[in-house]
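1. just the structure for this:
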Amino acid sequence: MAEIVLGIGSSHGPLLSTPPEQWDLRAKADRENKNHWFRGKTYDYESLLKSRAPGFAHEITMEKRRERFSKCRSALESLGKKFNEVRPDAVVILGNDQREFFNAGLTPSITIYRGSTISNVQHLNEDAPGLNIAEPANSPAEGATYPGATALADHILRSLGDENFDLAQSDETPSGAPRGGIPHAYGFFYHTILQDQTPPSVPIILNVHFPHNTPKLHRCLELGRGLARAIKTFDGFKRVALMASGGLTHFVIDEDFDQSVIAAMKNGDESALAALPESYFKAGTAGIKDWIPVIAAMNASRLKYNQVDYVPCYRSEAGTGNAMCFAYWQ
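-> Residues are numbered from 1 along each chain as shown. Reported below is the predicted structural model:
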């Protein structure tokens, strides 16, 4: 039977691979955004700035940007080294789709990818220069193909189905997928953290962004517990890792909220996680839900939380940006 030997959680986002001198490319988009989601409400940029007075001008100096960028890159390198040190036989990766794999014609709540191969390609958008500059972190220019873990995926589908999970499954990238391959939440892990040297893997794609079938916090916790049980009854691999791609708060950074999530992870406190307001999990902050199943699986496996770093990467006076977290369980 398989053993869960490692858990990894990491943020993904353009600031992780954009030179600090060019973080304003995304800040420009923030200033034009009329719908910033923060603590259950939406704001235009000016209203957000007013509500967060005196603001965060002191957090966006070039010196601080460079320092935070360096800390993030160091943390990513540490996670890659940890994975290589443990050398699991297979990995299950939880992330989300942002209309890259599925389009509005189909939005499953939870999808298990069971294909024998996983395609990763760069996706450039002329209308999004602040994203294009970071795209090389998500895939090599020529693209890449990674091995899928079909037998493990099928075992997870059967096991969770027996526990009353109604799951979608995908055998290949859907025809006409906007990105043309796996979403960037996974591509960043495959290419930047694992350096395209990944063992067989199972991507689990959560719809955390698009109403009305987003999995609730309690369901994400149940999913993690079910995943732990499924993996431990699989006899095709001996040593399996789980990885979570997403979070913490963005596009509006909320350090107090992040610290409440981190405290719950450190303490293995699932009740505290389940009690968080669902209304907070909108826009980029919804990516925290990609971590929740992994947290529950780690608790069930009695693995210990180790924080590599927490780095709030501010890019505007209103406190927009991405709060990056890097951690592992072992």
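2. all helices for the protein, in order.
-> 24-32, 45-51, 62-86, 129-132, 150-162, 184-188, 217-232, 255-267, 270-274, 292-301 (DSSP state H).
3. from those helices, which stretch is densest packed?
-> The highest mean neighbour count among the helices of the chain, using mean count of other CB atoms under 10 Å, belongs to helix 184-188: a mean of 28. The C-beta positions use only the backbone N, C-alpha and C, and glycine is treated the same way.
4. distance from it to the middle of the chain?
-> Here the centre of helix 184-188 is set off from its chain's centre by 8 Å, with CA atoms, centre = their mean, to the nearest Å.
5. and the contacts of that helix?
-> Helix 184-188 is contacted from outside by 12, 16, 93, 95-98, 100, 118, 120, 123, 135, 137-139, 181, 203, 245-246, 287, 290, using CB atoms under 8 Å, 6 or more residues apart in numbering.
6. and the helices of the chain, which one's lowest on average pLDDT?
-> Among the helices of the chain, helix 129-132 has the lowest mean pLDDT, at a mean of 83.
7. which residues touch that helix?
-> Residues contacting helix 129-132 (CB under 8 Å, 6+ apart): 14, 18, 22, 25, 26, 28, 29, 124, 125, 126.
8. I'd like the residues you listed laid out as CSV, including distance to residue 272.
-> Listed next are the contacts of helix 129-132 as CSV, based on distance: CB to CB, whole Å:
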residue, distance to residue 272
14, 30
18, 33
22, 37
25, 36
26, 31
28, 37
29, 33
124, 41
125, 38
126, 44
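9. quick check: residue 34 vs residue 238, distance?
-> 52 Å (CB to CB, to the nearest Å).
10. please apply the same query to residue 88.
-> From residue 88 across to residue 238, the span is 9 Å (CB to CB).
11. pick out whichever of these two has more residues nearby.
-> Between residue 88 and residue 238, counting by other CB atoms under 10 Å, residue 88 is the more crowded of the two (22 against 13).
12. now do the same contact list for that one.
-> For residue 88, the contacting residues are 5, 6, 199, 237, 239, 240, 241, by CB under 8 Å, 6+ apart.
13. contact partners for residue 202?
-> 90, 91, 92, 93, 112, 113, 114, 148, 149, 152, 153, 156.
14. quick one: pLDDT of residue 176?
-> pLDDT, residue 176: 89.
15. isn't it right up against residue 103?
-> Yes. Counting by CB atoms under 8 Å, residue 176 touches residue 103, with 7.2 Å between them.
16. now residue 147: closest residue in space, sequence neighbours ignored.
-> In this structure, residue 147 finds its nearest non-sequential neighbour in residue 200, 4.5 Å apart by CB to CB, 6 or more residues apart in numbering.
17. distance of residue 25 from residue 183?
-> Counting by CB to CB - residue 25 and residue 183 are separated by 21 Å.
18. before we move on, the earlier item: same list (the helices of the chain) but as TSV, adding distance to residue 168.
-> Shown next, in TSV, are the helices of the chain (distance: least, CB to CB, whole Å):
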stretch	distance to residue 168
helix 24-32	31
helix 45-51	35
helix 62-86	28
helix 129-132	27
helix 150-162	10
helix 184-188	16
helix 217-232	13
helix 255-267	27
helix 270-274	24
helix 292-301	16
